[in-house]
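Novice: output the structure for:
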Amino acid sequence: MLLTRIKGPRDLDRLSQEELDQLAAEIRSFLVDAVSKTGGHLGPNLGVVELTIALHRVFESPKDKVLFDTGHQAYVHKLLTGRQDFGNLRSKGGLSGYPSRAESDHDVIENSHASTVLGWADGLAKANEVLGREDHHVAAVIGDGALTGGMAWEALNNIAAAKDRPLVIVVNDNERSYGPTIGGLANHLATLRTTDGYERFLARGKEILERTPVVGKPLFETLHGAKKGLKDFIAPQGMFEDLGLKYIGPIDGHDIEALESALQRAKRFSGPVIVHCLTQKGRGYEPAVQDEADRFHAVGVIHPDTGLPVSTDAASWTSVFADEMVKLGKERKDIVGITAAMLQPVGLKKFADAFPDRIYDVGIAEQHGATSAAGLATGGAHPVFAVYATFLNRAFDQVLMDVALHKCGVTFVLDRAGVTGTDGASHNGMWDMSIMQVVPGLRLAAPRDAEQLRAQLREAVEVKDAPTVVRYSKGVVGPAVPAVGKVGGMDVLRAPGADVTRPDVLIVSVGALAPMCLEIADLLDKQGITSTVVDPRWVKPVDEALAPLADRHRVVVTVEDNGRTGGVGSAVSQALRDAGVDVPLRDFGIPQRFLDHASRKEVMAEIGLTAPDIARQVTGLVAKLDGRYDSEPAAAVD
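Specialist: Sure thing, here's the model as predicted:
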């Protein structure tokens, strides 16, 4: 196999065109076989095989910087830079599903949040200019919807202003919106447009004509308009050239020879150049090509021959939300859905099918989505903006200043909250409950099971004068966790015996961690430590009944699937202080560091967010209060 002989990008240089085509076929076969066993981003990578080969033949990574936005298009890049062990892809100790500096000098940015690469590229190109590195180049690949993000256009605006700063922008266009312009004429025009001589010719022509009395200036404007009209007819480049960016394309993104030719011309040009490549997401794998929803954008473990899942999971948090949204849509005509280019992953596809006139896909533009939601709410609708928890970070200012300040009834539904695991540091939804704590008036719900998700979603959309947030985990929803009583608005999940006058520990359970908290209580009980477990349901604001309840216990423990800094534990601590309740409090959550990719269970174990770990620490705390900490070690917790 040719692929096994590729240890680095320069090994591509000696391959013939026929061998390059063979290598592309081998890479696709490898990807289908490997990713079907581990899960991952299959469709996007099948679409960039030839493009990535061409990039690494034209540019000299790592001296030249080859960047990917979003990073889920980088599997082929990994293969060509010597990383061909995909056996533990996205698993602990294995390759990351995104570029990773820890893996290779060829990886520059770990950009699994979209629309950022052009900002990075602009900065790297400026660094080359400042430091006089004329033999260094920057090539940024942007696609898979990332050009719908506002950050990308902010960067383009700055990039276009530097006419003599080299930078190659590769637009990976896999949306099939128009056919490629191919053949000698398009190739010739592309060559002319990126030739300094052509620019000098235009400038000289303009100078001569504008000096010609009466007819000179009108004639130049007519000819210039005709030239631009001809180019726009041949290729859809007008928008980029209006920004002042040179344009090459569209190029067949699966023709290595054509790609290399275009990239070489772009590399030689002395300013910013757009290379527009038309690719097919999922190319070469029929199940992906036939998948109209997202071309196998991301898959679990599948049968490689059919593309069908190896196993069917039980109901997921996302599917519970999806079904309830449809029910709400039937009951209320003012309910509308908003997604940021993730209609299916966040569970709004069923709603869109049922109510096509009440769904809005804003693209990868969470900021715009939040502000547009404020407008919808002001206009009388109740928008439900479903988004991954990690991506709401991008719209904080809009939640604060557009939605909350204006007291708009907008519901944000956060999927993949807490530890998500295999997608790595950027996708863990571990900041939302900390960030949202500072938003005045905002109410935040963390349902513990499917029944509570349905109930709290309904409670959220009833709020008309403030933003509401409903957040839940990734994956399969656990069994129902029934309440045994109520205290204020909180559910009591476990109560000590009636003969216990002052229980030892009050455990405040947040969201999906309820089963773990009940397990903690069981382990404490074996040590003779009594406990109460409550689910606040709405963790912001802190329920007024919590402080009096805490005052009837010796210790308060909070357990949350969120960063410890500024999270629910911090809010509870502040509420107790404000109420004058002087009870020791221990908060358990996610440490404020970027977590390596691994399964959710492995990450939780690594950070000590498990029932045995927490019970052991609480046992020690109670022992210390009993005055037996130093003289009588606490018994081990099994």
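
Novice: switch to C-alpha atoms for all contacts and neighbour counts from now on
Specialist: Noted.

Novice: so where's the stretch 151-300 of the chain uncertain?
Specialist: Applying pLDDT under 70 to the stretch 151-300 of the chain picks out residues 175-239.

Novice: now do the helices in it.
Specialist: For the stretch 151-300 of the chain, the helices defined by DSSP state H, counting those that start in this stretch occupy 184-193, 196-211, 216-234, 238-242, 256-268, 286-289.

Novice: may I see the buried residues of the shortest one?
Specialist: Looking back up the chat, that one is helix 286-289. Residues of helix 286-289 classed as buried by neighbour count (16 or more other CA atoms under 10 Å): 287-289.

Novice: give me every residue that touches the spatially most central residue of the chain.
Specialist: Nearest residue to the geometric centre of the chain (CA atoms, centre = their mean): residue 113, 4.6 Å. Neighbouring residues of residue 113 by CA atoms under 8 Å, 6 or more residues apart in numbering: 70, 391, 426.

Novice: of all those, which comes closest to residue 520?
Specialist: Checking the contacts of residue 113 against residue 520 with CA to CA, the nearest one is residue 426 at 29.4 Å.

Novice: next, that closest one: secondary structure please.
Specialist: Using DSSP: H, G, I helix; E, B strand; the rest coil, the structure places residue 426 in helix.

Novice: quick one: distance of the longest helix belonging to the chain to the chain centre.
Specialist: As assigned by DSSP state H, the longest helix anywhere in the chain is helix 17-38. How far helix 17-38 lies from its chain's middle: 26 Å, per CA atoms, centre = their mean, to the nearest Å.

Novice: show me what counts as buried in it.
Specialist: By neighbour count on 16+ other CA under 10 Å, the buried set for helix 17-38 is 20-21, 23-25, 27-28, 30-38.

Novice: dump the longest strand anywhere in the chain to CSV, restricted to CA.
Specialist: If you go by DSSP state E, the chain has its longest strand at strand 555-563. Presented in CSV, the C-alpha positions along strand 555-563 are these (Å, rounded to 0.1, in the frame of the first residue of the first chain):
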residue,chain,number,x,y,z
VAL,A,555,-22.5,19.8,56.1
VAL,A,556,-23.6,20.9,52.6
VAL,A,557,-22.3,19.2,49.5
THR,A,558,-23.0,20.3,46.0
VAL,A,559,-22.4,18.0,43.0
GLU,A,560,-22.5,19.4,39.5
ASP,A,561,-21.3,18.5,36.0
ASN,A,562,-19.9,22.0,35.4
GLY,A,563,-16.7,23.9,36.3
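
Novice: and the next helix or strand past it?
Specialist: Counting by DSSP states H and E, the next helix or strand C-terminal to strand 555-563 is helix 568-578.

Novice: buried sites along that next one?
Specialist: Buried positions in helix 568-578, judged by neighbour count with 16+ other CA under 10 Å: 568-573, 575-576.

Novice: now it and strand 555-563, what's the angle there?
Specialist: Angle, helix 568-578 to strand 555-563, by axes from the mean of the first three to the mean of the last three CA atoms, to 10 degrees: 140 degrees.

Novice: so how far is helix 568-578 off the chain centroid?
Specialist: On CA atoms, centre = their mean, the centre of helix 568-578 falls 31 Å from that of its chain.

Novice: on that earlier part again, now the buried residues of helix 286-289 in TSV, with distance to residue 401?
Specialist: Below are these laid out as TSV (distance: CA to CA, whole Å):
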residue	distance to residue 401
287	45
288	42
289	42
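
Novice: just give me the closest of those to residue 501.
Specialist: Comparing those against residue 501 with CA to CA places residue 288 closest, at 62.4 Å.

Novice: looking at it, the closest one is touching residue 43, isn't it?
Specialist: Yes - between residue 288 and residue 43 there is a contact under CA atoms under 8 Å: 6.4 Å.

Novice: can you list the low-confidence ranges for this structure?
Specialist: For the chain (pLDDT under 70), the answer is 111-112, 144, 175-239, 312-313, 628-638.

Novice: what does the longest strand of the chain contact?
Specialist: With contact meaning CA under 8 Å, 6+ apart, strand 555-563 is reached by 417-419, 429-434, 504-511, 513, 517, 550, 568-569, 583-592, 622.

Novice: ok, the closest residue to residue 47 other than its chain neighbours - contacts?
Specialist: Of all residues not flanking residue 47 in the chain, residue 281 sits nearest, at 4.4 Å (CA to CA, 6 or more residues apart in numbering). Neighbour list for residue 281: 43-48, 174, 288-289, 295 [criterion: CA under 8 Å, 6+ apart].

Novice: for residue 281, what are phi and psi?
Specialist: Phi and psi for residue 281, reported as degrees, to the nearest 10, are phi -60, psi 130.

Novice: just checking, residue 480 touches residue 493?
Specialist: No - counting by CA under 8 Å, residue 493 is not a contact partner of residue 480; they are 11.3 Å apart.

Novice: of those two, who's got more company?
Specialist: A count of neighbours by other CA atoms under 10 Å puts residue 493 above the other of residue 480 and residue 493, at 22 against 13.

Novice: skipping its backbone neighbours, what lies nearest the more buried one in space?
Specialist: Of all residues not flanking residue 493 in the chain, residue 483 sits nearest, at 4.7 Å (CA to CA, 6+ apart).

Novice: now for that neighbour: which residues touch it?
Specialist: 491-494.

Novice: narrow those residues to just the buried residues.
Specialist: 491-494.

Novice: distance of residue 544 from residue 586?
Specialist: Going from residue 544 to residue 586 by CA to CA, to the nearest Å gives 19 Å.

Novice: hmm, back to that, name the residues contacting each of residue 288 and residue 43.
Specialist: Listed as contacting both residue 288 and residue 43 by CA under 8 Å, 6+ apart are 281-282, 295-296.

Novice: could those go into JSON lines alongside distance to residue 240?
Specialist: As requested, these are exported to JSON lines (distance: CA to CA, whole Å):
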{"residue": "281", "distance to residue 240": "23"}
{"residue": "282", "distance to residue 240": "27"}
{"residue": "295", "distance to residue 240": "28"}
{"residue": "296", "distance to residue 240": "30"}
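
Novice: for the residues you listed, which one is nearest residue 443?
Specialist: For the shared contacts of residue 288 and residue 43, the minimum distance to residue 443 (CA to CA) is 35.8 Å, reached by residue 296.

Novice: got the contact list for that closest one?
Specialist: Contacts of residue 296 (CA under 8 Å, 6+ apart): 41-44, 282, 288.

Novice: what do you get for residue 514?
Specialist: Residue 514 neighbours (CA under 8 Å, 6+ apart): 448, 481, 535.

Novice: go again using 10 Å as the cut-off
Specialist: Shown in contact with residue 514 (CA atoms under 10 Å, 6 or more residues apart in numbering): 447-449, 478, 480-481, 493, 507-508, 520, 533-535, 559-560.

Novice: and residue 553, by the same measure?
Specialist: Contacts of residue 553 by CA under 10 Å, 6+ apart are 501-507, 530-532, 583-584.

Novice: checking it next. Helix, strand or coil?
Specialist: Three-state call for residue 553 (three-state DSSP): coil.

Novice: distance-wise, check it relative to residue 540.
Specialist: When distance is defined by CA to CA, residue 553 is 22 Å away from residue 540.

Novice: again, but for residue 158
Specialist: For residue 158, the distance to residue 540 - CA to CA - is 40 Å.

Novice: the two: which is more packed in?
Specialist: It is residue 540, of residue 158 and residue 540, that has more neighbours when counted by other CA under 10 Å, with 23 against 13.

Novice: looks like the more buried one contacts residue 568 (just checking).
Specialist: Yes - counting by CA atoms under 10 Å, residue 540 does reach residue 568; the two are 8.0 Å apart.
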